[in-house]
Structure formats: structure tokens, C-alpha cells
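J.: sequence first, then the predicted structure:
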Amino acid sequence: MNNKEKIYRFFAEKKFFRFFMSILSFMYRYFSVKEIDKNLLSNIEWIESMYINDFSKKRKKWISWILRTKNWWDFLEKVVVSFIDYIDELVIINNNSDDNTKHICNNLLYRYWDKIKYYEYNYDIIRDVNIKSNSINSFSYFSNWSISKASYNTIFKVDDDNLFIPYIIKNQIRKVRNNIFSNNVYYFYWWLNLYKRKDSYLWVLNKNPYSWMYWDIGFFNLTNKTYFIQDWFS
């Protein structure tokens, strides 16, 4: 582990530092972030069936998990089973898969009919910062469309290659539900990752293991000030 990684790991393991960054994110969003532009709720391709629901809709206080999957059928069920018993709702978005993913999703939907909602987003995502945020092919529009399907006011964004450790995820969910900052972005592991794969090595923050992957998983509230835009920072 080089010096940069040592510093990175040192700060990531400090609860106070994570709490401090969480407060900063709340303050930034509260004072600086504008409410979502209504133009971001419709797409420039004018596909009305894919318009986004307004985030100001009243939602119940609990947690909705949003899982995007694309051509990951052979691992998807293992991922879902690793956390499904501990959550309130899972929204699966099948993003234009051309393998056996839909079949696996249907099996999961049948097995966990009381917890899973299933949608299909049959448009390719173009990972280009120059594409407009309200294009049907932008990752930001896909993300906003996905989280708008949630029934609850807190979102957990997870990918189809994230495996979870049961006793850890139970503890994390408990902390989020008991958090006194109802409009705060609790955690977003874009740099406070818990596992990091580097040169074929894997290391974990020993005080707080979370999942097998990192970068774009985290808890946040669904409000008119919580949305994605097509930009390097988002």
C-alpha cells in the first residue's frame, strides 16, 4: 500500500471525518443546490412514456433500494439474496439487457413479490459528459428516472455487482433510519470506499466493511434538491 492509499484509508476509517463530510454535503445542498429544473423531468427525445415523476411527491419514511442491472444474470440473484431479507423495497431497473437477466428478474419478482418492483429501461446509456442531462441516453436521466420509481423517501443506490455482509448492512440501515438529519445525504461512497481493488489486491476498512465494490453506492434522501446531472462531478 503506497502513502496515498494509507492516507486515504486513514481518513476513511474515522467516523468523525465521515460525519463531518456528511454535514458538509448537507450544508452544500441546503444552501447551494437549486431545486430540480422541470426540464430535467422530460427528455429531449420527447418519449412521453419515459417522463420522470416529480420528486416533490409525498413519500413514506423508509428506504427504497435502487438496483441497475445490465447483462449480469449469472450474478444478479446472489447479489439480491445477500440483502433482500433486511430491506423494505427493491426497485430493479433492467437496462437494455440482451442476456438472461429478464428471466432472473422475473424469478426474483415471483420469489419476493412483496418487496421487489421491476422496470425496464430499454435505451443505451452513453457515458459522455457532453450529452445533455435530459437525454434519454444520459446516465443522469436514467438515474433520475430510476429513483423516481421509489415508494419511500430515502434511496439506497446499489449496483448488480455489490454483495453485502448481513450483520453490517443491518447495522447501516439501523443508523440511517435513526439519523436525526432527515434531509441529509448520509453516505455516498465515491471516495470513502470500503473495499478497493488495486493491482489485483483487495483491502477492506477493518472497522466498517460494507460491500465487495465501491464508488457509486450510498444512502440519500429523495427530494427536489437531490438529483443527477450529466457532469464529471455528479
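T.: Cool, the structure landed. Please read all numbers here as calculations on a predicted model, not as lab measurements. Numbering: from 1, shown residues only.

J.: helix or strand: which one has the residue nearest in space to the middle of the chain?
T.: Residue closest to the average C-alpha location in the chain (CA atoms, centre = their mean): residue 157, at 1.4 Å. Using DSSP states H and E, residue 157 falls within strand 152-159.

J.: the spatially closest residue to residue 63 that is not a sequence neighbour: how many residues sit nearby?
T.: Distances taken as CB to CB, 6 or more residues apart in numbering put residue 154 closest to residue 63, at 4.6 Å, once the chain neighbours are dropped. Bear in mind the C-beta positions are built from the backbone N, C-alpha and C, glycine included. For residue 154, the tally of surrounding residues (other CB atoms under 10 Å) stands at 23.

J.: the longest strand in the protein is where?
T.: In the chain, with assignment by DSSP state E, the single longest strand is strand 60-69.

J.: next, the angle from that one to strand 152-159.
T.: 20 degrees (axes from the mean of the first three to the mean of the last three CA atoms, to 10 degrees).

J.: just the C-alphas of strand 60-69, formatted as CSV.
T.: C-alpha atoms of strand 60-69 as CSV (Å, rounded to 0.1, in the frame of the first residue of the first chain):
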residue,chain,number,x,y,z
LYS,A,60,-43.4,7.3,3.1
LYS,A,61,-40.5,7.4,5.5
TRP,A,62,-38.4,4.3,4.9
ILE,A,63,-35.8,3.1,2.4
SER,A,64,-36.0,2.1,-1.2
TRP,A,65,-33.1,0.3,-2.8
ILE,A,66,-32.5,1.1,-6.5
LEU,A,67,-30.6,-1.6,-8.4
ARG,A,68,-29.5,-1.1,-12.0
THR,A,69,-28.6,-4.3,-13.9
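
J.: spell out the residue ranges of the helices in this protein.
T.: Using DSSP state H, the helices of the chain run over 3-12, 15-32, 73-81, 101-111, 139-147, 166-177.

J.: residue 51: which of these is closest?
T.: Distance to residue 51, taken as CB to CB, is lowest for helix 139-147 among those, at 8.5 Å.

J.: give me the helices and strands touching that closest one, please.
T.: Under the contact criterion of 3 or more CB pairs under 8 Å, 6 or more residues apart in numbering; DSSP states H and E, helix 139-147 touches strand 60-69, strand 89-94, strand 152-159.

J.: what angle do that helix and strand 89-94 make?
T.: 140 degrees.

J.: not counting helix 139-147 itself, show me its contacts.
T.: With contacts defined as CB atoms under 8 Å, 6 or more residues apart in numbering, helix 139-147 is touched by 36, 40-41, 43, 50, 52, 55, 64, 66, 68, 91, 93, 95, 119, 121, 123, 125-127, 133-135, 155, 157, 222, 227-231, 234.

J.: any of the residues you listed buried? List them.
T.: Those of the contacts of helix 139-147 that meet the buried threshold are 36, 40-41, 43, 50, 52, 55, 64, 66, 68, 91, 93, 95, 121, 123, 125, 133-135, 155, 157, 222, 227-230, by 16 or more other CB atoms under 10 Å.
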